[in-house]
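**Q** Here is my input; please provide its structure:
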Amino acid sequence: MVVRSRSRLRGPLGDDYLRLVRAHPLKAIRSDTELRAAHGVLDTLAAIDEERLTSGQADYLLALTDLVWAYEQQHHAVDLATGDRADGIDVLRVLLDENNLNASDLGRLLGKRQLGSAILRGKRQLSKAHVVRLADYFGVSTDILLRTKSRR
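**A** Numbering: from 1, shown residues only. Got it, this is the predicted structure:
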(Lines give C-alpha, C1' and ligand atoms only; values in the text may rest on other atoms or scores of the structure.)
Protein backbone atom coordinates (compact mmCIF):
# COMPACT_ATOMS: atom_id res chain seq x y z
CA MET A 1 0.00 0.00 0.00
CA VAL A 2 1.35 3.42 -0.95
CA VAL A 3 0.90 6.15 1.64
CA ARG A 4 1.20 9.72 0.44
CA SER A 5 2.47 12.37 2.73
CA ARG A 6 0.06 15.20 3.47
CA SER A 7 2.81 17.63 2.57
CA ARG A 8 2.73 16.27 -0.97
CA LEU A 9 -0.83 17.54 -1.34
CA ARG A 10 0.04 21.03 -0.08
CA GLY A 11 0.28 23.94 -2.46
CA PRO A 12 -2.25 25.53 -4.82
CA LEU A 13 -3.81 22.27 -6.02
CA GLY A 14 -3.89 20.45 -2.70
CA ASP A 15 -5.09 23.22 -0.39
CA ASP A 16 -7.92 24.53 -2.56
CA TYR A 17 -8.98 21.12 -3.77
CA LEU A 18 -8.96 19.55 -0.31
CA ARG A 19 -10.85 22.50 1.20
CA LEU A 20 -13.59 22.03 -1.39
CA VAL A 21 -13.68 18.27 -0.88
CA ARG A 22 -14.03 18.75 2.88
CA ALA A 23 -16.90 21.20 2.37
CA HIS A 24 -18.65 19.08 -0.28
CA PRO A 25 -17.12 15.61 -0.87
CA LEU A 26 -16.94 14.36 -4.43
CA LYS A 27 -19.19 11.31 -4.40
CA ALA A 28 -22.05 9.95 -6.43
CA ILE A 29 -25.18 12.08 -6.15
CA ARG A 30 -28.10 9.98 -4.96
CA SER A 31 -30.98 12.42 -4.42
CA ASP A 32 -32.39 15.72 -5.60
CA THR A 33 -31.39 17.21 -2.23
CA GLU A 34 -27.77 16.26 -2.89
CA LEU A 35 -28.17 17.61 -6.43
CA ARG A 36 -29.35 21.00 -5.10
CA ALA A 37 -26.37 21.12 -2.72
CA ALA A 38 -24.01 20.34 -5.62
CA HIS A 39 -25.64 23.09 -7.69
CA GLY A 40 -24.94 25.51 -4.84
CA VAL A 41 -21.25 24.64 -4.93
CA LEU A 42 -21.22 24.90 -8.73
CA ASP A 43 -22.83 28.36 -8.50
CA THR A 44 -20.14 29.50 -6.09
CA LEU A 45 -17.31 28.27 -8.30
CA ALA A 46 -18.95 29.49 -11.50
CA ALA A 47 -19.00 33.01 -10.07
CA ILE A 48 -15.18 33.04 -10.11
CA ASP A 49 -13.65 34.23 -13.38
CA GLU A 50 -12.12 31.29 -15.19
CA GLU A 51 -8.71 32.97 -15.25
CA ARG A 52 -8.79 33.34 -11.47
CA LEU A 53 -9.66 29.72 -10.66
CA THR A 54 -6.79 27.83 -9.13
CA SER A 55 -5.90 24.47 -10.62
CA GLY A 56 -7.45 22.79 -7.55
CA GLN A 57 -10.71 24.70 -7.98
CA ALA A 58 -10.80 23.95 -11.71
CA ASP A 59 -10.19 20.22 -11.16
CA TYR A 60 -12.87 20.09 -8.46
CA LEU A 61 -15.32 21.99 -10.67
CA LEU A 62 -14.82 19.54 -13.54
CA ALA A 63 -15.27 16.51 -11.27
CA LEU A 64 -18.40 17.90 -9.60
CA THR A 65 -19.85 18.88 -12.99
CA ASP A 66 -19.40 15.28 -14.14
CA LEU A 67 -21.15 13.96 -11.02
CA VAL A 68 -24.07 16.37 -11.49
CA TRP A 69 -24.30 15.51 -15.17
CA ALA A 70 -24.38 11.77 -14.45
CA TYR A 71 -27.18 12.15 -11.89
CA GLU A 72 -29.22 14.45 -14.13
CA GLN A 73 -28.88 12.08 -17.08
CA GLN A 74 -30.08 9.16 -15.00
CA HIS A 75 -32.89 10.92 -13.12
CA HIS A 76 -33.88 13.96 -15.15
CA ALA A 77 -33.15 12.98 -18.75
CA VAL A 78 -35.49 14.20 -21.44
CA ASP A 79 -36.93 11.74 -23.91
CA LEU A 80 -37.39 13.64 -27.15
CA ALA A 81 -39.30 10.71 -28.61
CA THR A 82 -42.25 11.22 -26.26
CA GLY A 83 -45.35 13.15 -27.21
CA ASP A 84 -44.31 16.06 -25.01
CA ARG A 85 -42.68 18.82 -26.93
CA ALA A 86 -39.18 19.43 -25.61
CA ASP A 87 -38.08 23.01 -25.14
CA GLY A 88 -34.80 24.42 -26.45
CA ILE A 89 -32.93 23.73 -23.22
CA ASP A 90 -34.10 20.10 -23.26
CA VAL A 91 -32.80 19.79 -26.82
CA LEU A 92 -29.55 21.47 -25.79
CA ARG A 93 -29.08 18.94 -22.98
CA VAL A 94 -29.51 16.09 -25.45
CA LEU A 95 -27.07 17.69 -27.89
CA LEU A 96 -24.51 18.13 -25.13
CA ASP A 97 -24.95 14.53 -24.02
CA GLU A 98 -24.63 13.18 -27.55
CA ASN A 99 -21.40 15.14 -27.96
CA ASN A 100 -19.98 14.20 -24.54
CA LEU A 101 -20.03 17.83 -23.40
CA ASN A 102 -20.91 19.21 -19.96
CA ALA A 103 -22.05 22.56 -18.55
CA SER A 104 -18.50 23.93 -18.43
CA ASP A 105 -18.01 22.98 -22.07
CA LEU A 106 -21.26 24.76 -22.93
CA GLY A 107 -20.03 27.87 -21.16
CA ARG A 108 -16.78 27.77 -23.10
CA LEU A 109 -18.73 27.43 -26.38
CA LEU A 110 -20.70 30.53 -25.42
CA GLY A 111 -17.58 32.48 -24.49
CA LYS A 112 -18.04 32.54 -20.71
CA ARG A 113 -17.73 29.33 -18.72
CA GLN A 114 -20.09 30.49 -15.99
CA LEU A 115 -23.02 30.66 -18.43
CA GLY A 116 -23.25 26.92 -19.07
CA SER A 117 -24.50 25.85 -15.67
CA ALA A 118 -26.78 28.88 -15.29
CA ILE A 119 -28.43 28.28 -18.67
CA LEU A 120 -28.99 24.56 -18.09
CA ARG A 121 -30.65 25.28 -14.73
CA GLY A 122 -32.86 28.05 -16.15
CA LYS A 123 -31.19 30.89 -14.25
CA ARG A 124 -30.10 32.51 -17.53
CA GLN A 125 -31.67 32.41 -20.96
CA LEU A 126 -30.00 31.79 -24.26
CA SER A 127 -29.51 35.01 -26.18
CA LYS A 128 -30.08 35.13 -29.93
CA ALA A 129 -26.31 35.18 -30.40
CA HIS A 130 -25.98 32.06 -28.21
CA VAL A 131 -28.68 30.26 -30.20
CA VAL A 132 -26.96 31.08 -33.49
CA ARG A 133 -23.55 29.98 -32.17
CA LEU A 134 -24.92 26.69 -30.78
CA ALA A 135 -27.00 25.91 -33.88
CA ASP A 136 -23.90 26.41 -36.00
CA TYR A 137 -21.72 24.33 -33.67
CA PHE A 138 -24.15 21.39 -33.48
CA GLY A 139 -25.38 21.68 -37.07
CA VAL A 140 -29.03 22.09 -36.13
CA SER A 141 -31.74 24.62 -36.89
CA THR A 142 -32.05 27.60 -34.58
CA ASP A 143 -35.78 26.77 -34.37
CA ILE A 144 -35.25 23.74 -32.16
CA LEU A 145 -33.18 25.77 -29.69
CA LEU A 146 -35.87 28.47 -29.55
CA ARG A 147 -38.72 26.09 -28.69
CA THR A 148 -40.76 26.68 -25.58
CA LYS A 149 -42.63 24.03 -23.63
CA SER A 150 -46.07 23.33 -25.07
CA ARG A 151 -48.93 24.10 -22.77
CA ARG A 152 -51.78 21.65 -22.45
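**Q** number of nearby residues for G107?
**A** One way to gauge burial is a neighbour count; for G107, by other Cβ atoms under 10 Å, it gives 21. For the C-beta atoms, the positions are set from N, CA and C on the backbone; glycine is no exception.
**Q** so what's it closest to, chain neighbours aside?
**A** Nearest residue to G107, sequence neighbours excluded (Cβ to Cβ, 6 or more residues apart in numbering): G116, at 3.2 Å.
**Q** which stretch of helix or strand covers that neighbour?
**A** Element membership for G116, per DSSP states H and E: helix 113-120.
**Q** Next SSE downstream of that helix?
**A** On the C-terminal side of helix 113-120, the closest following helix or strand by DSSP H and E is helix 128-138.
**Q** For the very next helix or strand once past that following helix, the averaged confidence score.
**A** Along the chain past helix 128-138, the next helix or strand (assigned with DSSP H and E) turns out to be helix 142-145. Per-residue pLDDT values across helix 142-145 average out to 84.
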